[in-house]
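*Asks:* everything below, folded, please.
(one chain, ligands or ions: 1)
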Amino acid sequence: MSEGKFLKTLAGTRFRTPPIWLMRQAGRYLPEYRAVRATTRSFLDFCYTPDKAVEVTLQPVRRFGLDAAIIFSDILVVPDALGQKVWFEEGEGPKLEALTDPADFGKLTRARLPEKLAPVYEAIRRTRAELPRETALLGFAGAPFTLACYMIEGSGSRDFAKVKGWAYRHPDSFGLLIDLLVDAVVDHLVNQIEAGADAVQLFDSWAGVLPEEQLFSWSLEPMVRIAHAVHARHPKTPIIAFPRAVGPATLMYRRSDAFAALSIDTGIGAHWAARELQPHICLQGNLDPLMLVAGGAALEREATRILDKLGHGPFVFNLGHGVVPQTPPEHVAQLVEVVRNWKPSAS
Ligand SMILES: Cc1c2[nH]c(c1CCC(=O)O)Cc1[nH]c(c(CCC(=O)O)c1C)Cc1[nH]c(c(CCC(=O)O)c1C)Cc1[nH]c(c(C)c1CCC(=O)O)C2
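*Replies:* Here you go, the predicted structure:
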């Protein structure tokens, strides 16, 4: 069990400077990641090889001394474990054998999830044993709506026409898929916590494509149900929600009965967030990943601006979305230094 700055911040303790970790901190921008990645062709096989998953999870912590590690895996291991065909094409991102008919749901089952995802839990067990005590280990899952997007579109999408067509025309049948995903995500998060994850994050990367009413039904409500079910088993484990690109509707997610923190994307103004969200809930975010690519004075100025607005309240420094492959690793080291050397003003 980690007792460091990250977990204490989520529990309400304030430090002179906030803890920092970065979404997608393990990845192609690191030469040591590319070296391990090159030893396995299939990305899912790579995720399911504990030795390799442990190694790449630890790499950014070793290099930058971050306050948290996130287990190396992917949100699409859940559809894979439910029995849907998932593969990754070089340079094209994820592909799935798309669900085209409600009858397709019948083929999906949670029965084999624990054995199928056992390598992920094994990697968590081993990573926790190797990490310094003060470094937290995060587990994660995709939120049901984002998983449903990939499962129905069969890949990433520009317009989400298939998933929206289904959800708007046949909300009852879409609800059954969401219910199945709520249960599968609860299983996966509980298993990760029992393997040693200190906290978990729910990624709703595509929440921002939904109108308000559907955002409530298909994003917020399933995430709250997941949080309550996980807390019924593990009441003390913090859950971070990341409803990406939902703008002012982020107000709906400041639910401290469910989430320990809200991860905010770059589109959320830090000033607004400090006033409207932070008095209710710990925030995490929200540096533009492209600022990390730019580096130098621009990076220092923008990171300091975010710290000046949000660093006085409960806050975890992070990006607004994941680290991109073209990021120079030295800029991550620079960012960690800027955050650790930040001087809070008296206000
Ligand atoms: C939507 C989503 C996915 N995966 C994830 C999300 C939610 C966050 C977000 O919005 O980005 C989450 C994810 N994916 C990965 C992690 C590992 C942990 C970490 O953050 O360091 C995490 C937390 C590894 C990965 N997952 C993937 C890679 C790159 C593949 C490789 O290294 O060969 C990594 C490091 C593949 C992946 N996986 C996914 C996509 C769209 C892609 C292709 C895009 C790309 O290539 O960058 C689905």
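*Asks:* that's a strand at A148, yeah?
*Replies:* No: assessed by DSSP: H, G, I helix; E, B strand; the rest coil, A148 does not belong to a strand; its assignment is helix.
*Asks:* tally of neighbours for it?
*Replies:* One way to gauge burial is a neighbour count; for A148, by other Cβ atoms under 10 Å, it gives 24. (Each C-beta comes from the backbone N, C-alpha and C, glycine too.)
*Asks:* identify the residues contacting it.
*Replies:* By Cβ atoms under 8 Å, 6 or more residues apart in numbering, A148 lies in contact with 163, 167, 174, 177-178, 181, 218.
*Asks:* repeat that for 7 Å
*Replies:* A148 is in contact with 163, 177-178, 181, counting by Cβ atoms under 7 Å, 6 or more residues apart in numbering.
*Asks:* buried ones in stretch 18-32?
*Replies:* Neighbour-count burial for stretch 18-32, counted by 16 or more other Cβ atoms under 10 Å, picks out 18-27, 29-30, 32.
*Asks:* in the chain, which helix is the longest?
*Replies:* Using DSSP state H to assign secondary structure, the helix with the most residues in the chain is helix 171-195.
*Asks:* tell me if that helix is near the ligand.
*Replies:* No: remark: helix 171-195 sits outside contact range of the ligand, by Cβ under 6 Å from any ligand atom, the gap being at least 12.0 Å.
*Asks:* what does stretch 314-324 give?
*Replies:* Yes: among the residues of stretch 314-324, G322 lie within reach of the ligand under Cβ under 6 Å from any ligand atom.
*Asks:* the strands in the stretch 101-250 of the chain, which residues?
*Replies:* Taking DSSP state E, counting those that start in this stretch, the strands of the stretch 101-250 of the chain run over residues 136-142, 199-204, 239-243.
*Asks:* out of the ones you listed, which gets nearest to the ligand?
*Replies:* Between the ligand and the strands of the stretch 101-250 of the chain, the tightest spacing by Cβ to the nearest ligand atom is seen for strand 199-204, at 3.8 Å.
*Asks:* how about TSV for the strands of the stretch 101-250 of the chain, with mean neighbour count and mean pLDDT added?
*Replies:* As requested, these are exported to TSV (neighbours: other Cβ atoms under 10 Å; pLDDT from 0 to 100):
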stretch	mean neighbour count	mean pLDDT
strand 136-142	24	98
strand 199-204	25	98
strand 239-243	26	98
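*Asks:* what does this structure put close to the ligand?
*Replies:* Near the ligand, when you scan the chain using Cβ under 6 Å from any ligand atom, you find 23-28, 37, 43, 70, 72-76, 88, 93-94, 140, 156, 203, 205, 322.
*Asks:* among those, which are located in strands?
*Replies:* Counting by DSSP state E, the members of those that fall within strands are 70, 88, 93-94, 140, 203.
*Asks:* tabulate those (TSV), appending distance to I226.
*Replies:* Below are these laid out as TSV (distance: Cβ to Cβ, whole Å):
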residue	distance to I226
I70	18
F88	25
G93	25
P94	22
F140	12
F203	12
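*Asks:* which one of those residues sits closest to V190?
*Replies:* Checking those against V190 by Cβ to Cβ gives F140 as the nearest, at 13.2 Å.
*Asks:* tell me how far the closest residue to the ligand within the chain lies from V36.
*Replies:* Proximity of the chain to the ligand (Cβ to the nearest ligand atom) peaks at S205, 3.2 Å away. Shown here: S205 relative to V36, a distance of 25 Å by Cβ to Cβ, to the nearest Å.
*Asks:* which of those two has more residues huddled nearby?
*Replies:* It is S205, of S205 and V36, that has more neighbours when counted by other Cβ under 10 Å, with 22 against 19.
*Asks:* so who does the more buried one touch?
*Replies:* 146, 244.
*Asks:* do you know the pLDDT at it?
*Replies:* What the model reports as pLDDT for S205 is 98.
*Asks:* for G91, same thing?
*Replies:* Here, the pLDDT recorded for G91 equals 84.
*Asks:* again with the one 10 residues further on
*Replies:* At D101 the predicted local confidence, pLDDT, stands at 89.
*Asks:* over to S2?
*Replies:* Looking at S2, its pLDDT is 49.
*Asks:* ok, A143 next?
*Replies:* Here, the pLDDT recorded for A143 equals 99.
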